[in-house]
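> I need the structure of the sequence given here:
(2 chains)
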Amino acid sequence: MKTSILLVVLMTAAVGAQGRATQERATTARAEAPIDLTGQWVAIISEDWRWRMITPPKGDIVSIPLSLQGQQAAEAWDPAKDEAAGEQCKAYGAPGLMRGPIRMRISWQDDNTLKLETDYGMQTRLLRFGAPAAPGPRSWQGDTSAQWIVRGGGGRGAPRFGSLKTITSNLRPGYLRKNGVPYSERALFTEHWDVHSLPNGDKYLVNTNVVEDPVYLQAPFQTAIHYKLERDTSKWDPTPCDARF
Amino acid sequence: MRREILKNTRHRGTEASASAKATADRPGRRSQRRRRLSQCVVFSVFWMMSVPAFAQVELGGTYAIRMHEDYIERGPGSYLGDFTGMPLSDEGRAKALSYSSSLPSTIERQCLAQSPWVGLYRPLALRFWSEVDESGRVVAWVMAGDYLRDHVRIWMDGRPHPSANAWHSPSGFTTGHWEGDTLVARTTHVKTAWIRRGVGIPGSDQSTFTVFITRRENLLTIMSVQEDPIYLTEPHVVSRVWEFDPRASQGPLRDTCNVGVEIPSLEDTGEVPHYLPGQNPEEDFMVRTYNIPKEAAMGFAHTLYPEYRKTLRSVYKPPESCGRYCCGWIERQGLPGAAPGLTCNDGNLPPALRKALTTADR
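Predicted structure coming up:
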């Protein structure tokens, strides 16, 4: 009997200690991070080169599951009209930007906010952990809520892994592709961020993402985009939005 | 400690019929036993706390293709002379340019399209299952698809890769381990095969693949890093997405190679269809069709990075219109119901069908 009591007490103490440790760790997203996303990442354009590196001709909507309405909008693309309206950044909204020929710098703005900056289009997106902020006006980068998906780390010395899941909404209508393939303000952009390492130390960031848009897509647009970590940051080259190239 | 526990247990067993008095006569021994049991409990609790709380992800099932990237390459096939996005060495480029569409019609070369990870370049669903030993432990994960010549068996039991001189099989030799939710696989001992089918971009039998397989909710992401000291100047990286779907097409397993086109005149001639250097008529196809610089079409590594846009900016002008394979995904989704009234210009559609589609639903 006494042994049983001792066992229960010890188990309770152990679980309690683990819980307290988790609570202490969970105080900030920065402290809780199971992976390190910070640094300068460059997109490797080894896929869809002709649609990502350059602006394809109008009407080239291959690969994207557009609805009829989406297709009609793509066929009506007019970059001059976008420039006149001051909307030359329509292809630099979060869902289009991540697939672009970008370098991005990720850093902690504060303990619960990751900041993502790109040289291409000079855009900034904030990935906010915890309670979402009150939505402001729609923007190219929208509002991004972030959550770590943590695996392992249950005890002393146990490996800890994980990924980041983000959901972006409150977007201004923009383009998935530079040639006017559209998404609407109702688009929802979900991303899973994973970091993988090679034995030689090279690190890759893989962004598996889904664009859902009840207006311009007939099915979710699902892709994976890969980036490589750059130790040499000298190729960072801020360039403003360009509606044509 | 285990020996101590067994010893104590045996001791208790043999004296179970002894009287309580006998036990009480030996308070020191009883106290010692209790202390050892306590130590055992404490050890067990801390051992439980220290065990990693994650386990491998269940990958088993079928996954439907989502061809939202590289549709042309994975569907109808790339254009001859389109090596965009590839980091080819001079040897790789030369071999790719020697490619003729008649080459796979020779029996000896009909399997060149079937590399172990060809699924990343094909319009195919994937199926995963595990192989377990008698205790239920996973010994291997197996990946199959309807275009694979052989399954890719990812050994999880810690066995080493064979000697460099060992036989190279169609599926190569692959081992794996888990890093969190990602199955990391490494493939060696492959045969020479194409990286992209239909355009002759080669991968040598010295290629190695590091492959990261991650399931996030219903999405399966596979990223492959192919290194080849012969035909590539840097690792070739692709990442693709599938979606879990129990009804995903598994197609007929093509576990044998077959020729795309049978050319009777080639039989028993010993002739290997090819183009000599400088004689490939499609070498400039991407230049004249899409206005892109030849070095980009020819797969030089520096053209894969954003800074190459500085070169492109001064030389690239988009074509007036999209000539072929413009609708792609939409066209394949059960015409004409999926998106009635399509008007996109797709040279792949027969004119009669195009006319019917563009008039009937308006």
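> find the nearest non-adjacent residue to the residue in the stretch 101-250 of chain B that chain A sits nearest to, please.
With CB to the nearest CB, the shortest gap between the stretch 101-250 of chain B and chain A falls at B:Gly180, namely 2.5 Å. In short, each C-beta sits where N, CA and C put it, glycine included. Closest residue to B:Gly180 apart from its sequence neighbours, by CB to CB, 6 or more residues apart in numbering or on different chains: A:Phe161 at 2.5 Å.
> where do the helices sit along chain A?
A:2-25, A:29-32, A:49-52, A:68-75, A:79-84, A:94-97 (DSSP state H).
> residue contacts, the nearest residue to B:His236 once chain neighbours are set aside?
Distances taken as CB to CB, 6+ apart put B:Gln226 closest to B:His236, at 4.5 Å, once the chain neighbours are dropped. When contacts are counted by CB atoms under 8 Å, 6 or more residues apart in numbering or on different chains, B:Gln226 touches B:Trp117, B:Ile195, B:Gly203, B:Ser207, B:Thr208, B:Phe209, B:Leu232, B:Pro235, B:His236, B:Val237.
> next: B:Ser98.
Contacts of B:Ser98 by CB under 8 Å, 6+ apart are B:Gly200, B:His274, B:Tyr275, B:Leu276, B:Pro277, B:Asn280.
> state the distance from it to chain A.
22 Å (CB to the nearest CB, to the nearest Å).
> wait, A:Leu164 touches A:Val195, no?
No. Under the criterion of CB atoms under 8 Å, A:Leu164 is not in contact with A:Val195, lying 9.1 Å apart.
> who touches both of those two?
With CB under 8 Å, 6+ apart, A:Leu164 and A:Val195 have common neighbours A:Ile35, A:Leu37.
> quick one on the thing from earlier: just put the contacts of B:Ser98 in CSV and tack on pLDDT.
Shown next, in CSV, are the contacts of B:Ser98 (pLDDT from 0 to 100):
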residue, pLDDT
B:Gly200, 94
B:His274, 95
B:Tyr275, 96
B:Leu276, 96
B:Pro277, 95
B:Asn280, 96
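> out of the residues you listed, which sit inside helices?
Using DSSP H, none of the contacts of B:Ser98 sit in helices.
> quick one: buried ones out of the contacts of B:Gln226?
B:Trp117, B:Ile195, B:Gly203, B:Ser207, B:Thr208, B:Phe209, B:Leu232, B:Pro235, B:His236, B:Val237 (16 or more other CB atoms under 10 Å in any protein chain shown).
> okay, who's weakest in those residues by pLDDT?
Within the set of these, pLDDT is lowest for B:Trp117 (91).
> ok, that one touching B:Val225?
No. With contact defined as CB under 8 Å, B:Trp117 does not count as touching B:Val225 (10.4 Å).
> can I have the buried ones of the contacts of B:Ser98 as a ChimeraX selection?
Under the burial definition 16+ other CB under 10 Å, those of those that qualify are selected in ChimeraX by:
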select /B:200,275,280
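> who's in contact with A:Leu188?
Neighbour list for A:Leu188: A:Ile167, A:Thr168, A:Ser169, A:Val211, A:Glu212, A:Asp213 [criterion: CB under 8 Å, 6+ apart].
> show the pLDDT at it.
98.
> about what we covered before: nearest to A:Gly136, of the buried ones among the contacts of B:Gln226?
Closest approach to A:Gly136 among those (CB to CB): B:Val237, at 36.9 Å.
> quick one, strands of the chain?
All of this refers to chain A. A:39-43, A:103-110, A:113-118, A:124-129, A:143-152, A:160-169, A:174-177, A:181-183, A:188-197, A:203-212, A:221-230 (DSSP state E).
> that answer is for a different chain, and I need it for chain B
Under DSSP E, chain B gives strands at B:61-65, B:126-132, B:138-145, B:152-155, B:173-179, B:182-188, B:193-196, B:201-203, B:208-216, B:219-227, B:236-244.
> would the fourth one count as contacting chain A?
No. Between strand B:152-155 and chain A, judged by CB under 8 Å from any CB of the partner chain, nothing touches; the nearest distance is 15.9 Å.
> mind giving me the packing neighbours of that strand?
Contact here means 3 or more CB pairs under 8 Å, 6 or more residues apart in numbering or on different chains; DSSP states H and E; on that basis strand B:152-155 packs against strand B:138-145, strand B:173-179, strand B:182-188.
> hmm, who's touching stretch B:279-298?
The contact list for stretch B:279-298 (CB under 8 Å, 6+ apart) reads A:49-50, A:53-54, B:79-84, B:88, B:93, B:97-99, B:275, B:303, B:308, B:311-312, B:315-319, B:323.
> switch to 6 Å and redo it
Residues from elsewhere that reach stretch B:279-298, judged by CB atoms under 6 Å, 6 or more residues apart in numbering or on different chains: B:Tyr79, B:Leu80, B:Gly81, B:Asp82, B:Phe83, B:Thr84, B:Arg93, B:Leu97, B:Thr303, B:Val315, B:Tyr316, B:Lys317.
> contacting residues around the last one?
By CB under 6 Å, 6+ apart, the residues touching B:Lys317 are B:Asn291.
> same question, the fifth one
For B:Phe83, the residues meeting the contact criterion (CB under 6 Å, 6+ apart) are B:Met298, B:Gly299.
> mind pulling up the pLDDT for it?
pLDDT at B:Phe83 comes out at 97.
> now it: how far from B:His236?
Counting by CB to CB, to the nearest Å, the gap from B:Phe83 to B:His236 is 11 Å.
> among the strands of chain B, which comes closest to B:Ala164?
strand B:182-188 (8.3 Å).
> strand partners of that closest one, parallel vs antiparallel please.
strand B:173-179 (antiparallel), strand B:208-216 (antiparallel) (DSSP bridges).
> and it, what's its mean pLDDT?
pLDDT averaged over strand B:182-188 gives 97.
> what's across from A:Thr168 in the sheet?
When bridges are assigned using DSSP bridges, the partners listed for A:Thr168 are A:Thr144, A:Phe189.
> so how far is A:Lys90 from it?
16 Å.
> how about the residues of the stretch 101-250 of chain B by chain A?
B:180-181, B:210, B:212, B:214, B:216, B:219, B:221, B:223, B:237-239, B:241 (CB under 6 Å from any CB of the partner chain).
> ok, back up a step: report the buried members of the contacts of A:Leu188.
The neighbour-count test (16+ other CB under 10 Å) applied to these identifies A:Ile167, A:Thr168, A:Ser169, A:Val211, A:Asp213 as buried.
> let me have those residues in a markdown table, extended by pLDDT.
Formatted as a markdown table, the buried ones among the contacts of A:Leu188 follow (pLDDT from 0 to 100):
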| residue | pLDDT |
| --- | --- |
| A:Ile167 | 98 |
| A:Thr168 | 98 |
| A:Ser169 | 98 |
| A:Val211 | 98 |
| A:Asp213 | 98 |
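> and the pLDDT at the nearest residue to A:Lys235 once chain neighbours are set aside?
What sits nearest to A:Lys235 in space, not counting adjacent residues and going by CB to CB, 6+ apart, is B:Glu307, at 5.6 Å. B:Glu307 is assigned 98 on the pLDDT scale.
> number of residues surrounding the residue of chain A found nearest chain B?
Here the residue of chain A nearest chain B is A:Phe161; by CB to the nearest CB that distance is 2.5 Å. Neighbourhood size, A:Phe161 [other CB atoms under 10 Å in any protein chain shown]: 20.
> wait, it touches A:Arg151, no?
Yes. Counting by CB atoms under 6 Å, A:Phe161 touches A:Arg151, with 4.6 Å between them.
> can you list residues touching both of the two?
Both A:Phe161 and A:Arg151 are in contact with B:Gly180, where contact means CB under 6 Å, 6+ apart.
> most centrally placed residue in chain B?
B:Trp117 (4.4 Å; CA atoms, centre = their mean).
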